[in-house]
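> Sequence first, predicted coordinates after that:
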Amino acid sequence: MGDIHTVMVGPGSVVTLRYTVSQDCDIRWKFKSEGGDLGFGVQRKKDVQNVDGARVVEDPVAAAVDVLISTRVASQKDIQAGVLQCQAGFTYLLNFDNRFSRFKAKKVMYGVVLEDSDLELSGDTLSLEELVRSVRDGQRVVENKEQTRINKKAAPKITESHNSGYKYNQ
């Protein structure tokens, strides 16, 4: 699943991976933590044209909308994997959340890829069981279809924010 990266999530902080999507695609992730469980969630923000008109960037004033609500997962025990069908014109935020831990940092090993999506986004919805199965298996499940595709790598922008408000990009 592409390159494996490592990041430390400090106590009381969140590390956010940002992926700006210019065409409909799937985003696929896998991760495992050392040092305890971790919160994980996915949000998205609307994109806007940059002032120079040369590129599309995340809208700094747009509110982030939860796509996958942040939930504590036993990522120290099992590899966590999932896939999400993404729409063009949004930046997707994958959040590793350690705000519930006041004293213990977590080491996270992760891989994320963006891959072409050959299915049109439609009004179809997944049942809760299908969604849970797709996240556990790391496979997309769409109305009696299961597909797995191999991909292209994506380079994230990483932001870590502590309760003190300190932020940096790598």
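It's in.
> going forward, measure contacts between C-alpha atoms and count neighbours the same way
Fine.
> surely F40 meets A74?
No: with contact defined as C-alpha atoms under 8 Å, F40 does not reach A74; the gap is 10.2 Å.
> of these two, who's got more company?
Shown here are F40 and A74; by other C-alpha atoms under 10 Å, F40 has more neighbours (22 against 15).
> what's across from that one in the sheet?
Beta-bridge pairing for F40 (DSSP bridges): T71, F96.
> before we move on, what about the one 5 residues further on?
According to DSSP bridges, the partner residues bridging K45 are T91.
> Going by neighbour count, which residues of stretch 39-57 are buried?
Using 16 or more other C-alpha atoms under 10 Å as the test for burial, stretch 39-57 gives 39-48, 56-57.
> distance of S101 from L84?
Noted for S101: a distance of 27 Å to L84, by C-alpha to C-alpha, to the nearest Å.
> ugh, wrong one, I meant V7
Using C-alpha to C-alpha, V7 is found at 22 Å from L84.
> Compare those two and say which is more crowded by neighbours.
Ranked by neighbour count (other C-alpha under 10 Å), V7 and L84 place L84 first, with 21 against 15.
> What strands line up against the helix or strand where that one lies, and which way round?
Secondary structure assigned from DSSP states H and E places L84 in strand 80-86. Strand pairing for strand 80-86, determined by DSSP bridges: strand 25-34 (antiparallel).
> Take the partner strand, keep the C-alpha atoms, and write them as CSV.
C-alpha atoms of strand 25-34 as CSV (Å, rounded to 0.1, in the frame of the first residue of the first chain):
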residue,chain,number,x,y,z
CYS,A,25,-11.0,8.9,-6.6
ASP,A,26,-10.7,6.5,-3.7
ILE,A,27,-8.5,7.2,-0.7
ARG,A,28,-7.2,4.1,1.0
TRP,A,29,-5.4,3.9,4.4
LYS,A,30,-3.8,1.5,6.8
PHE,A,31,-2.2,2.3,10.1
LYS,A,32,-1.0,0.8,13.4
SER,A,33,0.1,2.5,16.6
GLU,A,34,2.6,1.7,19.3
